[in-house]
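K.L.:
Generate a structure from the sequence data that follows.
(2 chains)
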Protein chains: 2
Amino acid sequence: MADVNRQFLLKSRPVGRIRESDFEYREQPVPVPGAGQVLVRNIYLSLDPAMRGWMNPGQSYIPPVAIGDVMRGITVGRVAASNHPGFAEGDIASGLLGWQDYGVAEAKHLEKVSHGLPMTASLSVLGLTGRTAYFGLLDIGKPEKGETVVVSGAAGAVGSVVGQIARLKGCRVVGIAGSRDKCAWLTGKLGFDAAVDYKTGDLERDLGEHCPNGVDVFYDNVGGETLDTVLRLINTGARIVICGAISAYNATEPVPGPYNLRMLLVKRARMEGFIIFDYRDRYAEATAQLAQWVEEGKITYAEDVVDGLEQAPKVINRLFDGANTGKLIIRISDEP
Amino acid sequence: MADVNRQFLLKSRPVGRIRESDFEYREQPVPVPGAGQVLVRNIYLSLDPAMRGWMNPGQSYIPPVAIGDVMRGITVGRVAASNHPGFAEGDIASGLLGWQDYGVAEAKHLEKVSHGLPMTASLSVLGLTGRTAYFGLLDIGKPEKGETVVVSGAAGAVGSVVGQIARLKGCRVVGIAGSRDKCAWLTGKLGFDAAVDYKTGDLERDLGEHCPNGVDVFYDNVGGETLDTVLRLINTGARIVICGAISAYNATEPVPGPYNLRMLLVKRARMEGFIIFDYRDRYAEATAQLAQWVEEGKITYAEDVVDGLEQAPKVINRLFDGANTGKLIIRISDEP
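P.N.:
Model prediction:
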């Protein structure tokens, strides 16, 4: 075991885009777990758009990361020492262990990983983003066979899984993504019925073309103009799942809601937000189902793994630049 | 029976506020009902904010009123002639019979009125607005005992009934209205727990004061800044019922949605629109329950009845000026 715990702390709250200088690098001794606690050597760190919100001041669905605290993040790694009978040295565990080499947590805040997929899957298709796709689409969107499902941020870790689940449920699936390559991947590899490049085309026209029967479910990761445009195309009784609004996360001025909000009235539609942490008690259900689909070859997942904890403060902006496809992950140390 | 049918036709589509010149007055012979049809002498005409939308071009949840057509409106009156066994001369009937003395309709598009309340109740507490309150609150808002329900446009025909139903369901009820007198009426006569005058106070502060436990259900008739403000105060799992957005009906520029829309995500909240016409099959349920509550003295309803069909083109703007309390109704002719 190394004798140093490299950490990134939150140094300042970003205004707009995250700067590397918003983080402070520090080296500390490896922590010692207390009674009932577990020490985990982090191997992979998940980078997620939600982190931008956690860096803002003020209470949201969870408290902000305090200035001077280790930056919050979900990791997966190996148990290095355990004072709890539920975990043994060498077990694979995942939890909110932060941007650092070693994290300590109460056993009840950790998940023991037992699936047969690569370890990174615990941060992607079987982790936060896969579960977010699963519960948001099925519990909030409630797609029915034959309906049209549109997903924004479709080449992202959440959107790409949303679309594939919707296909498995017998829906017509149209993705919105930010490049020709991403669109080609969605239709060529993931089985989307169509994909629309919002950067080069006319979103309303292109989406209208590919949704000849209108939109029944819109799974939105983007917000802003994308949401506004899709609202024009919704059917009576449509469901709009608000998973995120990445287009506004770096905004420095207040961002207006959709000009077409009245479509909720005209179309008797429902718009609903959710937070994945509320589904904690049902994580096992999602993990089991998603693992089965992956093993059966019914769901493909992509990961963008970057080497080195020191890259995290820079690489996180890929999420806001639309520069990655699939799940953005930092490799902190070597397996196993 | 008179030998003239006075009518107001839609002459031009309003830009912004409705002008009297948007209507054309015409006198026609009294129509003769065809096979299976019923002729009704209109006695009362309901004036509703939704009419502003019906005057706009373009398909909404129902087609727009065509230029040159009799202006659409719900009336109640006496059957003057019937070619359908379900209606006899002298029966009281209600339907979309328009801004005119006499309307003809298929029997299936008319409701026979049999309640014991005054005839106007068919246009107010037992009609469109009462039913809108009933289904919107109970089916979409789903208030639970002990929750806090906020209603905007609270002194209007819909809002005033929403608040009283919510009280009957054991909720804390806070109204938003546009004058001190309206607020005094809500708390003094209708049993609202509190009422806030949005014109004179600081809505967020005042509402916050009267909703110490936050807002669980928001029944919104107003939209715009009101909706934006209430979003700041919603609780986890809140439901926002979009019944209308009267603040925007006369807008001549696109109106942005709420800046605080992200609260749907943070609070896992649901925002949902509905159209009362979808509840046609359940009208009888609402009418029976509302009539019982009125007869038991549990619901009070107010009407603002104006004499003379010729007043309709001018008086309709009271709805947008906040100049009326309760249901705005035109008396076209004398009872019985």
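K.L.:
Would you mind giving the domain segments of chain A?
P.N.:
Listed domain ranges for chain A are A:5-124+A:302-331, A:128-277 (source: automatic domain parsing).
K.L.:
neighbouring contacts of stretch A:25-36?
P.N.:
With contact meaning C-beta atoms under 8 Å, 6 or more residues apart in numbering or on different chains, stretch A:25-36 is reached by A:1-9, A:39, A:80-84, A:101-104, A:106-107, A:310. For glycine as for every other residue, the C-beta is placed from the backbone atoms N, C-alpha and C.
K.L.:
so for that stretch, what's the average pLDDT?
P.N.:
For stretch A:25-36, the mean per-residue pLDDT is 97.
K.L.:
and it, which residues are buried?
P.N.:
Within stretch A:25-36, the residues that count as buried by 16 or more other C-beta atoms under 10 Å in any protein chain shown are A:30, A:33.
K.L.:
And the domains of chain A: which comes nearest B:Leu45?
P.N.:
Nearest to B:Leu45 among the domains of chain A is domain A:128-277; the distance by C-beta to C-beta comes to 23.7 Å.
K.L.:
And the buried ones among the contacts of stretch A:25-36, selectable in PyMOL?
P.N.:
Command for PyMOL, covering only those of those found buried under the criterion 16+ other C-beta under 10 Å:
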select buried, chain A and resi 5+6+7+8+9+39+80+81+82+84+101+102+103+104+107
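K.L.:
so of the contacts of stretch A:25-36, which ones are in helices?
P.N.:
Nothing among the contacts of stretch A:25-36 maps onto helices, per DSSP state H.
K.L.:
helix or strand for the nearest residue to A:Gly191 once chain neighbours are set aside, which one?
P.N.:
Nearest in space to A:Gly191, with sequence neighbours left out and distances taken as C-beta to C-beta, 6 or more residues apart in numbering or on different chains, is A:Arg167 at 5.2 Å. Using DSSP states H and E, A:Arg167 maps to helix A:157-168.
K.L.:
Who are the packing partners of the next helix or strand after that helix?
P.N.:
Sequence-wise, the next helix or strand downstream of helix A:157-168 (DSSP H and E) is strand A:172-177. Where contact means 3 or more C-beta pairs under 8 Å, 6 or more residues apart in numbering or on different chains; DSSP states H and E, strand A:172-177 is packed against strand A:148-152, helix A:157-168, helix A:180-188, strand A:194-197, helix A:203-210.
K.L.:
which of those is buried the deepest?
P.N.:
Greatest average neighbour count among the helices and strands packed on strand A:172-177 goes to strand A:148-152 (a mean of 31), per mean count of other C-beta atoms under 10 Å in any protein chain shown.
K.L.:
What strands flank that strand, and is each parallel or antiparallel?
P.N.:
Counting by DSSP bridges, the strands paired with strand A:148-152 are strand A:172-177 (parallel), strand A:215-220 (parallel).
K.L.:
Give me the contacts around that strand.
P.N.:
So strand A:148-152 is contacted by A:137, A:141, A:143, A:159, A:162-163, A:166, A:171-176, A:207, A:211, A:213-222, A:226-227, A:230, A:233, A:235 (C-beta under 8 Å, 6+ apart).
K.L.:
And for stretch A:79-97?
P.N.:
In contact with stretch A:79-97 (C-beta under 8 Å, 6+ apart) are residues A:1, A:30, A:32-42, A:72-78, A:102-107, A:109-114, A:119, A:122-123, A:127.
K.L.:
how does it look with 6 Å?
P.N.:
Applying C-beta atoms under 6 Å, 6 or more residues apart in numbering or on different chains, the contact partners of stretch A:79-97 are A:1, A:33, A:35-42, A:74-76, A:103, A:105, A:107, A:109-113, A:122.
K.L.:
just stretch A:185-201 next, same as before
P.N.:
With contact meaning C-beta under 6 Å, 6+ apart, stretch A:185-201 is reached by A:154, A:163-164, A:167, A:172-178, A:180, A:183, A:206-207, A:210, A:300.
K.L.:
chain center to the helix holding A:Arg167: distance?
P.N.:
With C-alpha atoms, centre = their mean, to the nearest Å as the basis, helix A:157-168 stands 12 Å off its chain's centre.
K.L.:
Export it to PDB, keeping only CA atoms.
P.N.:
The C-alpha coordinates for helix A:157-168 follow below in PDB (Å, rounded to 0.1, in the frame of the first residue of the first chain):
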ATOM      1  CA  ALA A 157     -23.500   7.500 -20.600                       C
ATOM      2  CA  VAL A 158     -27.100   8.000 -19.600                       C
ATOM      3  CA  GLY A 159     -28.700   8.700 -23.000                       C
ATOM      4  CA  SER A 160     -27.000   5.800 -24.800                       C
ATOM      5  CA  VAL A 161     -28.500   3.300 -22.300                       C
ATOM      6  CA  VAL A 162     -31.900   5.000 -22.300                       C
ATOM      7  CA  GLY A 163     -32.200   4.600 -26.000                       C
ATOM      8  CA  GLN A 164     -31.300   0.900 -25.900                       C
ATOM      9  CA  ILE A 165     -33.700   0.100 -23.100                       C
ATOM     10  CA  ALA A 166     -36.400   1.900 -25.000                       C
ATOM     11  CA  ARG A 167     -35.700  -0.200 -28.100                       C
ATOM     12  CA  LEU A 168     -35.900  -3.300 -25.900                       C
END
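K.L.:
Count the residues that sit near the closest residue to chain B within the stretch 101-250 of chain A.
P.N.:
Closest approach between the stretch 101-250 of chain A and chain B, counting by C-beta to the nearest C-beta: A:Ile242, at 5.1 Å. Using other C-beta atoms under 10 Å in any protein chain shown, A:Ile242 has 25 other residues around it.
K.L.:
How about the contacts made by the spatially closest residue to it that is not a sequence neighbour?
P.N.:
In space, and not counting its chain neighbours, A:Ile242 is closest to A:Gly273: 4.1 Å by C-beta to C-beta, 6+ apart. A:Gly273 makes contact with A:242, B:264-265, B:268-269 under the criterion C-beta under 6 Å, 6+ apart.
K.L.:
same check, this time on A:Ile276
P.N.:
Taking C-beta under 6 Å, 6+ apart, one finds A:131-132 in contact with A:Ile276.
K.L.:
how far away is the residue lying closest to A:Gln100 once chain neighbours are set aside from A:Gln28?
P.N.:
Once flanking residues are discounted, A:Gln100 sits nearest to A:Gln7: 4.1 Å by C-beta to C-beta, 6+ apart. Distance of A:Gln7 to A:Gln28, given as C-beta to C-beta, to the nearest Å: 6 Å.
K.L.:
rewinding a little: which ones among the contacts of stretch A:79-97 lie within strands?
P.N.:
Residues of these located in strands (DSSP state E): A:37-42, A:75-76, A:103, A:105, A:111-112.
K.L.:
Buried subset of those residues as a ChimeraX selection?
P.N.:
Here is the ChimeraX selection string for the buried members of the ones in strands among the contacts of stretch A:79-97, based on 16+ other C-beta under 10 Å:
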select /A:37,38,39,40,41,42,75,76,103,105,111
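K.L.:
Quick check: residues of the stretch 101-250 of chain A near chain B?
P.N.:
Contact residues (C-beta under 6 Å from any C-beta of the partner chain) of the stretch 101-250 of chain A with chain B: A:Ile242.
K.L.:
ok, now which ones touch whatever residue of chain A ends up closest to chain B?
P.N.:
Nearest to chain B, among the residues of chain A, is A:Gly257, at 2.5 Å (C-beta to the nearest C-beta). Going by C-beta under 6 Å, 6+ apart, A:Gly257 touches B:257-258, B:261.
K.L.:
From those residues, pick the one nearest chain A.
P.N.:
Closest to chain A out of the contacts of A:Gly257 is B:Gly257 (2.5 Å), distances taken as C-beta to the nearest C-beta.
K.L.:
A:Ala251: neighbour count?
P.N.:
Using other C-beta under 10 Å, A:Ala251 has 12 other residues around it.
K.L.:
tell me which element it is part of?
P.N.:
Per DSSP H and E, there is no helix or strand for A:Ala251.
K.L.:
Can you verify my assumption that A:Glu303 contacts A:Lys327?
P.N.:
Yes: the criterion here is C-beta atoms under 6 Å, and A:Glu303 meets it with A:Lys327 at 4.7 Å.
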